[in-house]
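Chemist: Sharing a model that was predicted from the sequence below.
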Amino acid sequence: MTAAIVKIRGSAFIGGLQWLPAITDPDTGLIHEYAGDAREFTPHAVNTDRSRVEQEVVVDFVKRKLFTFANTGSTTLRVTKPGGISEFKRGKASADGVIVSNETWDASSVSFVMSATAANPLRPTDPAVDYELYVTVHEETGQVEVKGRHDGFPCFEFYKQVDFGDFELLYRHDFRVMGDTPAAMAGDMEYHFERMLTSAES
């Protein structure tokens, strides 16, 4: 069956934690804690402010056009003074680094690159969240081929949906299972993956 619309949805999020482990400044005694996203893997978290990065590409084979969506979540830092009084700082990263590029159509498929670079808005010089996906979508079968790479932190999830049906998992990475920490955002993207998913798979 020919696919009319294929949606690719992805996000990066700090899974399962309400707060990341506290960091105490030895000079001031201040305790710094960043909020997590307090959720697990799901394709339905869009627009709930429970992700660090959200990205979506809708492939419309009827109109032969890509429609894209990009967003970032708000960042919350709790700073607790030695006396126990806490104050909160909040910011939101720019979504300018969440992009779709290299769009290429042929008779029955389209290829493109989904990528994201999103820094901590409260500490913009710290390492950013990064991922990059090379995607090919086939009209005749709805098959999706993905080759990607990403940092070790935080969690990453990517799904596909054909003609408004159920979302199917393309790939996921859980930093808790792999033992990664925020330090894994520094340097090159160390995780690589490839996946091919037809509409018949679940």
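Modeler: Thanks, I have it.

Chemist: Could I get the full set of strands for this protein?
Modeler: With strands called from DSSP state E, the chain shows them at 5-13, 23-24, 31-34, 53-60, 65-72, 74-80, 86-92, 99-105, 109-118, 129-138, 144-150, 155-162, 167-173, 191-197.

Chemist: buried sites along the fifth one?
Modeler: Residues 66, 69-72 are the ones in strand 65-72 that count as buried (16 or more other CB atoms under 10 Å). Heads up, the C-betas are built off the backbone N, CA and C, glycines and all.

Chemist: same check, this time on the last one
Modeler: Within strand 191-197, the residues that qualify as buried are 191, 193, 197, counting by 16+ other CB under 10 Å.

Chemist: Stretch 107-121 too?
Modeler: Quick answer for stretch 107-121 (16+ other CB under 10 Å): 109-110, 112, 114-121.

Chemist: biggest separation within the buried residues of strand 65-72, which pair?
Modeler: Pairwise distances across the buried residues of strand 65-72 (CB to CB) peak at 20.3 Å, for the pair 66 and 72.

Chemist: got a list of what residue 138 touches?
Modeler: 3, 108-109, 144-145 (CB atoms under 8 Å, 6 or more residues apart in numbering).

Chemist: 7 Å - rerun?
Modeler: 108-109 (CB atoms under 7 Å, 6 or more residues apart in numbering).

Chemist: Quick check: the gap between it and residue 106.
Modeler: 10 Å (CB to CB, to the nearest Å).

Chemist: repeat for residue 74
Modeler: Noted for residue 74: a distance of 40 Å to residue 106, by CB to CB.

Chemist: same check, this time on residue 71
Modeler: Residue 71 is 30 Å from residue 106, by CB to CB.

Chemist: Then residue 6?
Modeler: With CB to CB as the criterion, residue 6 and residue 106 are 15 Å apart.

Chemist: Likewise for residue 122?
Modeler: 44 Å.

Chemist: Who has more neighbours out of residue 6 and residue 106?
Modeler: Comparing residue 6 with residue 106 by other CB atoms under 10 Å, the one with more neighbours is residue 6, at 23 against 9.

Chemist: Leaving out chain neighbours, which residue sits closest to the more buried one?
Modeler: Using CB to CB, 6 or more residues apart in numbering and skipping residues adjacent in sequence, the residue nearest residue 6 is residue 59, 4.5 Å away.
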